[in-house]
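Q: sequence below, structure please.
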Amino acid sequence: MKAKVIRYYRFGDPSEVLCIEEKELVPPGPGELSVRMRARPINPSDVIPVRGAYPHRTVLPAVPGFEGVGVVEAVGPGVSTQLLGRRVLPLKGENTWQEVVKTLDRHAIFVPDEINDESASQIYINPITAWLICMDMLQLTYGDTLIVNAGGSAIGRIFAQLSKILGFRMIALTRNDHHTAELYRLGAYSVLNTMEELLQERIAEITEGCGASAAVDCIGGADGERLVSFLRPHGTVISVGLLSGIAPIWHEATQGTQVKVKLFWLKHWVERCSQEQWEQVFNEVIELVRNGRLLMANIGPTYELTNVKQAIAAAESSILGKVLLLS
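A: From the prediction side, this is the model:
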């Protein structure tokens, strides 16, 4: 039996380098299960590696896609048959832009019935990243102020909601006013349009001249470097993304300041965390989603897996809503 898979053998424009292929399905081995995927969101973190932004992290040929939801269709020796038919997030295994994904049973996250496929497919990358930054790396609480650039992005909206849940103040930086009303509704303390406002003055005003406690850089380049000047002494910038495709020169940006820069890569946390940490973090985030306290991005257009190139073009256009790849 065969299943479709998206692969790339060289870096470049996704429309040129992505290939639709078929692979032979190998039965799951001891402790493994096979998951037939149902929905996968298209995130910038899925597409940026295809273009070659992180060549040292990517072994070619590669399959894109870091998250999604599916149904267990086969289990290997030592795995309970009661898992068959259960919806799960198949993590720590193969990437998700394929019809069938294998992973270890202990790395499959069960999805409660109250969470639909559209929301479940988005629970991993952005919510877990934002939760770990707020709770573990920065330990944000009342009195803290966090600045997030690309504030209108999916992860920006997660930070806005966490600010209301955890009690810190979030300043969202955006390049237009398309998401302003939504960000305020979700919990942002202030939304600043970087194309219109004098950021240095406005942030000083909001923080009563102290500067923000920390910042999250999703963009890189000059936008990321600029965050350093908005922070108080001993503040921290967390670098999580490279939407601009340009790596900030952090040692120059922080020269003469007491600001620290830390890089966050979710894969590193996944590789290093204990099973106990793994389960605790996912349980906490899933409970917030199940209770409606943490909302995933609204869904935009949906495409079949084999229409991946059209789907990426839609995801990178001005279309509002998360684009999904369906099977």
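
Q: chain center to the helix or strand where residue 170 lies, what's the gap?
A: Following DSSP states H and E, one finds residue 170 within strand 169-174. Distance, stretch centre to chain centre, for strand 169-174: 18 Å (CA atoms, centre = their mean, to the nearest Å).

Q: note down every partner strand of it and its orientation.
A: strand 145-148 (parallel), strand 190-193 (parallel) (DSSP bridges).

Q: in a markdown table, list those along with mean pLDDT and mean neighbour count.
A: (C-beta placed from N, C-alpha, C; glycine too.) Compiled in a markdown table, the strands paired with strand 169-174 are given as follows (pLDDT from 0 to 100; neighbours: other CB atoms under 10 Å):
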| stretch | mean pLDDT | mean neighbour count |
| --- | --- | --- |
| strand 145-148 | 98 | 28 |
| strand 190-193 | 97 | 20 |
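
Q: could I have the strand holding residue 170 exported to PDB, CA atoms only?
A: This file holds the C-alpha atoms of strand 169-174, laid out as PDB (Å, rounded to 0.1, in the frame of the first residue of the first chain):
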ATOM      1  CA  ARG A 169       0.700  43.400  29.600                       C
ATOM      2  CA  MET A 170       1.300  42.700  25.900                       C
ATOM      3  CA  ILE A 171       2.200  45.400  23.300                       C
ATOM      4  CA  ALA A 172       1.600  44.100  19.800                       C
ATOM      5  CA  LEU A 173       3.500  45.700  17.000                       C
ATOM      6  CA  THR A 174       1.800  45.500  13.600                       C
END
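
Q: for that strand, buried residues please.
A: The neighbour-count check on strand 169-174 (16 or more other CB atoms under 10 Å) flags 169-174 as buried.

Q: any chance of the strands paired with strand 169-174 in TSV, plus distance to residue 178?
A: TSV is the format used below for the strands paired with strand 169-174 (distance: least, CB to CB, whole Å):
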stretch	distance to residue 178
strand 145-148	16
strand 190-193	10
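
Q: hang on, isn't residue 216 packed against residue 159?
A: Yes: Residue 216 is within contact range of residue 159, at 6.7 Å (criterion: CB atoms under 8 Å).

Q: anything in contact with each of these two?
A: Any residue near both residue 216 and residue 159 by CB atoms under 8 Å, 6 or more residues apart in numbering counts here, and that gives 146, 148.

Q: for the residue nearest to residue 177 when sequence neighbours are not counted, give the beta-bridge partners.
A: In space, and not counting its chain neighbours, residue 177 is closest to residue 193: 5.9 Å by CB to CB, 6 or more residues apart in numbering. Residue 193 has these beta-bridge partners by DSSP bridges: residue 174.

Q: test my guess that residue 193 contacts residue 178.
A: No: with contact defined as CB under 8 Å, residue 193 does not reach residue 178; the gap is 10.0 Å.

Q: what's near enough to touch the residue nearest to residue 177?
A: If you count contacts by CB under 8 Å, 6+ apart, then residue 193 has 174-177, 180 around it.

Q: among these, who's most crowded?
A: residue 174 (22 neighbours; other CB atoms under 10 Å).

Q: who's in contact with it?
A: By CB under 8 Å, 6+ apart, residue 174 lies in contact with 150-152, 156, 180, 183, 191-194.

Q: can you rerun that using 7 Å?
A: Residue 174 makes contact with 151-152, 180, 191, 193-194, according to CB atoms under 7 Å, 6 or more residues apart in numbering.

Q: not counting sequence-adjacent ones, nearest residue to residue 3?
A: With CB to CB, 6+ apart as the criterion, residue 3 has its nearest non-adjacent residue at 3.9 Å, and that residue is residue 99.

Q: what sits against that neighbour?
A: So residue 99 contacts 3-4, 36-37, 305, 327 (CB under 7 Å, 6+ apart).
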